[in-house]
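Participant: sharing a sequence plus its predicted fold:
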Amino acid sequence: MSKYDPLWKYVGETCEEELVLSFGEIEVITGFPIDHAFLQYKKELTEAGFAVKKISMKEKYVQFVRCG
């Protein structure tokens with residue numbers, strides 16, 4: 001079980017090929033602010049059929065894309 005499981009579930013349930021979430025939206029979904037550990041945990045996202053395409057620290061968003 002990962003602390004980011006609620007986010008992976010949310011992303012995995014989208015019908016979109018691409019999804020962009022702000023850091024604030026991610027905090028609402030997970031219950032805590034995104035942190036540096038996200039870089040390690042993002043590998044788990046492939047189980048939900050998605051990957052992280054871009055993380056913008058300046059604009060504070062994460063772009064997810066469907067795999068395959």
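Facilitator: Yes, it's here.
Participant: tell me the contacts of the spatially most central residue of the chain?
Facilitator: In the chain, the residue lying closest to the centroid (C-alpha atoms, centre = their mean) is residue 7, at 5.8 Å. With contacts defined as C-beta atoms under 8 Å, 6 or more residues apart in numbering, the neighbours of residue 7 are 26, 29-30. (Glycine included, C-beta is placed from N, CA and C.)
Participant: for the chain, name the helix or strand with the lowest mean pLDDT.
Facilitator: helix 38-41 (a mean of 91; mean pLDDT, DSSP states H and E).
Participant: who's in contact with that one?
Facilitator: Residues contacting helix 38-41 (C-beta under 8 Å, 6+ apart): 2-4, 55, 62.
Participant: pull out the buried members of the residues you listed.
Facilitator: Buried subset of the contacts of helix 38-41 (neighbour count, 16 or more other C-beta atoms under 10 Å): 4, 62.
Participant: mark which of the contacts of helix 38-41 are part of strands, please.
Facilitator: When DSSP state E is applied, the contacts of helix 38-41 are split such that 55, 62 fall in strands.
Participant: looking at the contacts of helix 38-41, which is nearest residue 15?
Facilitator: residue 62 (18.4 Å; C-beta to C-beta).
Participant: picking that back up, so how far is residue 44 from the residue nearest to the centre of the chain?
Facilitator: To residue 44, residue 7 is 10 Å away according to C-beta to C-beta, to the nearest Å.
Participant: residue 52 contacts residue 43, correct?
Facilitator: No. Applying C-beta atoms under 8 Å, one finds residue 52 not in contact with residue 43, separated by 9.0 Å.
Participant: which of those two has more neighbours?
Facilitator: residue 52 (17 against 10; other C-beta atoms under 10 Å).
Participant: identify the residues contacting that one.
Facilitator: Counting by C-beta under 8 Å, 6+ apart, residue 52 touches 42, 45, 62-64.
Participant: dump the one helix or strand it maps to to PDB, restricted to CA.
Facilitator: In this assignment (DSSP states H and E), residue 52 forms part of strand 50-56. Extracted C-alpha coordinates of strand 50-56, given in PDB (Å, rounded to 0.1, in the frame of the first residue of the first chain):
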ATOM      1  CA  PHE A  50      -0.600   5.800 -16.700                       C
ATOM      2  CA  ALA A  51       2.800   7.500 -16.500                       C
ATOM      3  CA  VAL A  52       4.000  10.900 -15.400                       C
ATOM      4  CA  LYS A  53       4.900  12.900 -18.500                       C
ATOM      5  CA  LYS A  54       5.800  16.200 -16.900                       C
ATOM      6  CA  ILE A  55       6.200  17.700 -13.500                       C
ATOM      7  CA  SER A  56       6.200  21.500 -13.500                       C
END
